[in-house]
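J.: Next one to model:
(chains A and B)
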Amino acid sequence: DAGVIQSPRHEVTEMGQEVTLRCKPISGHNSLFWYRQTMMRGLELLIYFNNNVPIDDSGMPEDRFSAKMPNASFSTLKIQPSEPRDSAVYFCASSLWTDNTGELFFGEGSRLTVL
Amino acid sequence: GDSVTQMEGPVTLSEEAFLTINCTYTATGYPSLFWYVQYPGEGLQLLLKATKADDKGSNKGFEATYRKETTSFHLEKGSVQVSDSAVYFCALGYSSASKIIFGSGTRLSIRP
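T.: You can find the predicted model right below:
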């Protein structure tokens, strides 16, 4: 089975540009998570969805960040406009909410550099 | 609220040394506890878990025991290898909610 698929793996952009990160969760999983990882702040939960519905977006840093999950097999995280402090590795993870194991399956991450 | 605290890194050991990475938690209920590992350039992956007090999780020579009395879930391995070099995250979660809370991570480096 394919794991969680993220794209792009690397993105370099200039300040002020729009950035869109994409995630395809594992088929059959009904929870999806977006995390951000930096050296300074570690691993931060930005938002998560259950059954395509956003449940907790309290970790989204500000209005420049938005996330959508239009269907069970696709999610996007958008930053507009981007700033240098948004440089980080962004991870998507999915899980089967009802299996009670709590195991998250992570993608390989999207490394974003904003110049 | 719930939280996870783990020992500061980096931790540097020689090959075949004994490893302990400390983890303590604060919880309002009865969570499951996890250790995740992140190898360079990769996402996190589950290493082991324990779902209730006194359970021991184990995998790849690593072990951790869910200690409710000390609210701890320390990770141990008897003889580490260079290939164990990675960042290790302690975490907790509840079966009633899909959110998992991670600690700050501990970077482990093993010298040949």
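
J.: Show me what whichever residue of chain A sits closest to chain B is bridged to.
T.: Per C-beta to the nearest C-beta, A:Phe106 is where chain A lies closest to chain B, at 3.1 Å. C-betas here are computed from N, CA, C, even on glycine. Beta-bridge partners for A:Phe106, by DSSP bridges, are A:Ala93.

J.: do the same with B:Ile110
T.: B:Leu13.

J.: What sits closest to the residue nearest the centre of chain B if chain neighbours are left out?
T.: The centroid of chain B falls nearest to B:Trp35 when counting by C-alpha atoms, centre = their mean (3.4 Å). Leaving aside its sequence neighbours, B:Trp35 sits nearest to B:Leu47 (C-beta to C-beta, 6 or more residues apart in numbering or on different chains; 4.5 Å).

J.: Who are the contact partners of that neighbour?
T.: Neighbouring residues of B:Leu47 by C-beta atoms under 8 Å, 6 or more residues apart in numbering or on different chains: B:34-37, B:59-60, B:62, B:75, B:88.

J.: will you turn those residues into JSON lines that also has distance to A:Ala2, pLDDT and secondary structure?
T.: Converted to JSON lines, these look like this (distance: C-beta to C-beta, whole Å; pLDDT from 0 to 100; DSSP: H, G, I helix; E, B strand; the rest coil):
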{"residue": "B:Phe34", "distance to A:Ala2": "23", "pLDDT": "95", "secondary structure": "strand"}
{"residue": "B:Trp35", "distance to A:Ala2": "25", "pLDDT": "97", "secondary structure": "strand"}
{"residue": "B:Tyr36", "distance to A:Ala2": "20", "pLDDT": "96", "secondary structure": "strand"}
{"residue": "B:Val37", "distance to A:Ala2": "21", "pLDDT": "97", "secondary structure": "strand"}
{"residue": "B:Asn59", "distance to A:Ala2": "23", "pLDDT": "97", "secondary structure": "strand"}
{"residue": "B:Lys60", "distance to A:Ala2": "23", "pLDDT": "95", "secondary structure": "coil"}
{"residue": "B:Phe62", "distance to A:Ala2": "27", "pLDDT": "98", "secondary structure": "strand"}
{"residue": "B:Leu75", "distance to A:Ala2": "29", "pLDDT": "98", "secondary structure": "strand"}
{"residue": "B:Tyr88", "distance to A:Ala2": "26", "pLDDT": "97", "secondary structure": "strand"}
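
J.: how about these, which pair is most distant?
T.: Using C-beta to C-beta, the two most remote members of those are B:Phe34 and B:Lys60, lying 14.4 Å apart.

J.: So those two - more neighbours on which side?
T.: B:Phe34 (29 against 12; other C-beta atoms under 10 Å in any protein chain shown).

J.: Show me what the more buried one is bridged to.
T.: B:Lys49, B:Ala91.

J.: ok, A:Leu115 - how many residues close by?
T.: By the criterion of other C-beta under 10 Å, A:Leu115 has 10 neighbours.

J.: what do you get for B:Thr26?
T.: For B:Thr26, using other C-beta under 10 Å, the count is 12.

J.: Skipping its backbone neighbours, what lies nearest it in space?
T.: B:Ser3 (4.8 Å).

J.: Hmm, B:Tyr25 and that neighbour touching each other?
T.: Yes: counting by C-beta atoms under 8 Å, B:Ser3 sits close enough to B:Tyr25 to count as a contact (6.9 Å).

J.: And the two? Which one has more around it.
T.: Between B:Ser3 and B:Tyr25, counted using other C-beta under 10 Å, the more crowded position is B:Tyr25 (22 against 11).
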